[in-house]
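Visitor: okay, predicted coordinates and the sequence, questions at the end:
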Amino acid sequence: MKKRIVIIAEYFPPRLGGDRRIFELMKRLSRKYDIHFITLPPSYTLFIRKIESYRKEENDQVFCEGMTGHRLNLPKLLWKLWTRSFLFPFALTLTYFSFQITKKIAELKPEIIIINNTSVYTGLLGFVASRILSKKLLVEYNDLEALYAIGLVEKKLNPFLLAILGRMLVLIEDTIVRHGWKVTAITEFIKNYANTRGTRKDVKVIPDGVDTDFFDPAKNSGVQIRSKYGLSDKDNLCVYAGRIEESAGVNIILGTVQLLEKEDTVRFMIVGEGDQQLVNKLAGCSNVILTGRVPKENIPEYLAAADIVLVPFPDSIASHSVSPLKLFEALAMNKPIIASAVSGIKEVVSENFNGVLVSARPKEWASAVLELSKDNNINREINNRKIVRSKYDWNYLAEELDRIIDTDISAV
């Protein structure tokens, strides 16, 4: 009989990067384990409301790739409270979902619970349920969630409240990491961060990855995309595919776009959705093409249309922890990339080998774009795909995770 694993997440099937990672890893292990996802209303809906308005799905149970998803939803009264304030409905939401998740996990009777981040939402709820039910908890340490959350609200709170909130968030994150049965991290930076803080010394690094069969340049030419948007062979197209948010580094792209607006042969394509103010600013630039949200199955074709792929991140401690999926997807498509010189990216990309690394200053990005764009050998043969296939394919990474899970899984 298969051993059962429960994952606490926000989306099933996935939509954003963190949920995409655990989905890709788990679906490759679904033949060996009985995989169940428990999902909650997305934090973007509750906390930010910039991408979409949430609606209750018709089916509370869904099946995908040999795995089962169980959707938990908020009562109507709590939804109404969320439209009026934050702290009170947040406390009620945590209390409500603590009970609901614990109840659902008790019904499913898994050997292991997995949380795919250390947030005060899904991360904390999974941690609490694991302690109540005495279940093994595998912590996917995918971001420095506490520092990221502080960055989002630092301009909205006075210094005193910000300091209190910061200490609380860091304490919660440290506690989750310290008391997890096993902890995996996506970068050496996060592993070293946990070690430096004294929270954990035995963190195992499993980086993000990519489905190299899906992101395959031999299967995608990009010709239709370039034709659809009226791009000629003379146009050097820079593509960014991801969330349009300041925290994702899109302000860097905006500054770069504005600096290069008079360059007739350089165009920018922004694939995704997000902060409407940023979207409006980008829309006002004559050298920018905005596609809006694109289905995942079409992303390889958009990347194939690119001459250069952009992977920006702001210069912050939280950003140094990232291992972005968009990086591996671009590498798998064998594209030249320009990326931020943050620690997590530097662990993958070697300067002048499979990408150009720059600071967060738009002037450096603009110079890098011009340098690559004016290179007559911009489409020269590169080894990005070969590197990804050997080290960052999801099949390989899933085997790494399985070795961690399978160690003493039956021990109480």
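Guide: Great, that's in hand. On a predicted model such as this, the values are computed, not experimentally measured, just so you know.
Visitor: C-terminal to whichever strand or helix holds residue 301, what's the next element?
Guide: For residue 301, the host element (DSSP states H and E) is helix 299-304. Downstream of helix 299-304, the first helix or strand assigned by DSSP H and E is strand 308-311.
Visitor: against which helices or strands is that following strand packed?
Guide: Applying 3 or more C-beta pairs under 8 Å, 6 or more residues apart in numbering; DSSP states H and E, one finds that strand 308-311 makes contact with strand 236-241, helix 325-332, strand 337-340, helix 362-373. All C-beta spots, glycine's among them, are computed from the backbone N, C-alpha and C.
Visitor: turn the ones you listed into TSV, columns for distance to residue 100.
Guide: Listed next are the helices and strands packed on strand 308-311 as TSV, based on distance: least, C-beta to C-beta, whole Å:
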stretch	distance to residue 100
strand 236-241	35
helix 325-332	29
strand 337-340	39
helix 362-373	45
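Visitor: of these, which is nearest residue 406?
Guide: Smallest distance to residue 406 across those (C-beta to C-beta): 24.8 Å, for helix 325-332.
Visitor: tilt between that closest one and strand 236-241?
Guide: 140 degrees (axes from the mean of the first three to the mean of the last three C-alpha atoms, to 10 degrees).
Visitor: now helix 325-332: mean pLDDT?
Guide: Mean pLDDT, computed over helix 325-332, is 94.
Visitor: convert the C-alpha atoms of it to PDB, please.
Guide: Only the C-alpha atoms of helix 325-332 are listed here, as PDB (Å, rounded to 0.1, in the frame of the first residue of the first chain):
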ATOM      1  CA  LEU A 325      11.500  29.100 -12.300                       C
ATOM      2  CA  LYS A 326      11.700  31.600 -15.200                       C
ATOM      3  CA  LEU A 327      15.400  31.400 -15.100                       C
ATOM      4  CA  PHE A 328      15.400  27.600 -15.600                       C
ATOM      5  CA  GLU A 329      12.700  27.800 -18.300                       C
ATOM      6  CA  ALA A 330      14.800  30.300 -20.300                       C
ATOM      7  CA  LEU A 331      17.900  28.200 -19.900                       C
ATOM      8  CA  ALA A 332      16.000  25.100 -21.100                       C
END
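Visitor: list the contacts of that helix.
Guide: 17, 20-21, 208-212, 215-216, 241-242, 299-300, 303, 306, 309, 311, 337, 339, 345, 348-349, 354-355, 384-385, 387-389, 392 (C-beta atoms under 8 Å, 6 or more residues apart in numbering).
Visitor: sorry, back to before: residue 70: which of the helices and strands packed on strand 308-311 is closest?
Guide: Nearest of those (C-beta to C-beta): helix 325-332, 24.7 Å.
Visitor: just how off-centre is that closest one within its chain?
Guide: Put simply, helix 325-332 sits 12 Å off its chain's centre (C-alpha atoms, centre = their mean, to the nearest Å).
Visitor: next: stretch 221-228.
Guide: Averaging C-alpha positions (C-alpha atoms, centre = their mean) puts stretch 221-228 27 Å from its chain's average.
Visitor: the stretch 51-200 of the chain: helices as residue ranges?
Guide: 76-82, 87-108, 122-133, 145-153, 159-179, 188-197 (DSSP state H, counting those that start in this stretch).
Visitor: if we can go back for a sec, what's the mean pLDDT across the helix holding residue 301?
Guide: 97.
Visitor: one step back: just name the most buried of the helices of the stretch 51-200 of the chain.
Guide: helix 122-133 (a mean of 22; mean count of other C-beta atoms under 10 Å).
Visitor: and for that helix, what's in contact with it?
Guide: Contacts for helix 122-133 (C-beta under 8 Å, 6+ apart): 8-10, 40, 43, 94, 97-98, 101-102, 105-106, 113-117, 135-137, 139, 145, 172-173, 175-176, 179-180.
Visitor: closest to residue 187 out of the helices and strands packed on strand 308-311?
Guide: So among the helices and strands packed on strand 308-311, helix 325-332 is nearest, using C-beta to C-beta, at 11.5 Å.
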